[in-house]
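Asker: predicted model and sequence below, questions to follow.
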Amino acid sequence: MLADTANVERNMDNIDLKIIRELQKNGRITNQELADKVHLSPSPCLRRLKKLEASGVIRGYTAVVDRNLYGLPISVFAMIRLNSHDTATISQFESCISDIEEIIECFLMAGSHDYLLHIVAATLQDYELFMKEKLNAVPGIAAIESNIAFGTVKQTPILPGVQR
């Protein structure tokens, strides 16, 4: 897998990076508009786009939703420590949390905690219920430390530019 990733990275050039950046800004851009922005004609631009999709660099397209207007304004970051680091405990934990829709992100961590979960809820009472009924029911958890975010200072779907 690592070799495949390196190979894909090596095969991308600055035009591919411009295509990706423009699509991150506006995933609904037409091929003609995209081609104009990256200074290509439409056919080569579409070929490059299809190649980026086929290689997995572009994994899909989605709508960016305002969580507050959607009704999920509470954002909690829970740091998880497992009681064991054997393969079975890790697999069971990861399998269980992948099925819980309130967990919108899960990161494997280095340091004093094993995982960092990003959890959303409508209210603090909903988060309390989530903790009692869902997260505490996940086997293998030794400790949970919750941090509630007061607000969002920066959130962007646009990755920083890289030079090729």
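Answerer: All right, it came through fine. Residues are numbered from 1 along each chain as shown.
Asker: what's the closest non-adjacent residue to residue 108?
Answerer: With sequence-adjacent residues excluded and distances taken as CB to CB, 6 or more residues apart in numbering, residue 108 is closest to residue 115, at 6.1 Å. For the C-beta atoms, the positions are set from N, CA and C on the backbone; glycine is no exception.
Asker: what's the neighbour count on the one you found?
Answerer: Residues lying near residue 115 (other CB atoms under 10 Å) number 20.
Asker: what does residue 118 give?
Answerer: Neighbours around residue 118, by other CB under 10 Å: 15.
Asker: and the helix or strand encompassing it, how far out from the chain's middle?
Answerer: Using DSSP states H and E, the element containing residue 118 is strand 115-121. Distance of strand 115-121 from the chain centroid (CA atoms, centre = their mean, to the nearest Å) equals 12 Å.
Asker: contacts for that strand next, please.
Answerer: 67, 72, 74-80, 82, 93, 97, 102-109, 127, 130, 135 (CB atoms under 8 Å, 6 or more residues apart in numbering).
Asker: return the subset of those residues lying in strands.
Answerer: Judged by DSSP state E, those include 74-80, 82, 103-108 as members of strands.
Asker: and those, which are buried?
Answerer: Neighbour-count burial (16 or more other CB atoms under 10 Å) applied to the ones in strands among the contacts of strand 115-121 gives 74-76, 78-80, 82, 103, 106.
Asker: break this structure down into its domains, please.
Answerer: Using automatic domain parsing, the domain parsing of the chain gives 2-54, 67-148.
Asker: which parts of stretch 133-146 are buried?
Answerer: For stretch 133-146, a neighbour-count test (16+ other CB under 10 Å) marks 134-135, 138, 140-141, 144 as buried.
Asker: once you drop chain neighbours, what's closest to the residue sitting furthest away from the middle of the chain?
Answerer: The C-alpha centroid of the chain is most remote from residue 41, which lies 31.7 Å away (CA atoms, centre = their mean). Distance criterion CB to CB, 6+ apart; nearest residue to residue 41, sequence neighbours excluded, is residue 35 at 6.0 Å.
Asker: how about that neighbour, what does it touch?
Answerer: Residue 35 makes contact with 41-42, 44-46, according to CB under 8 Å, 6+ apart.
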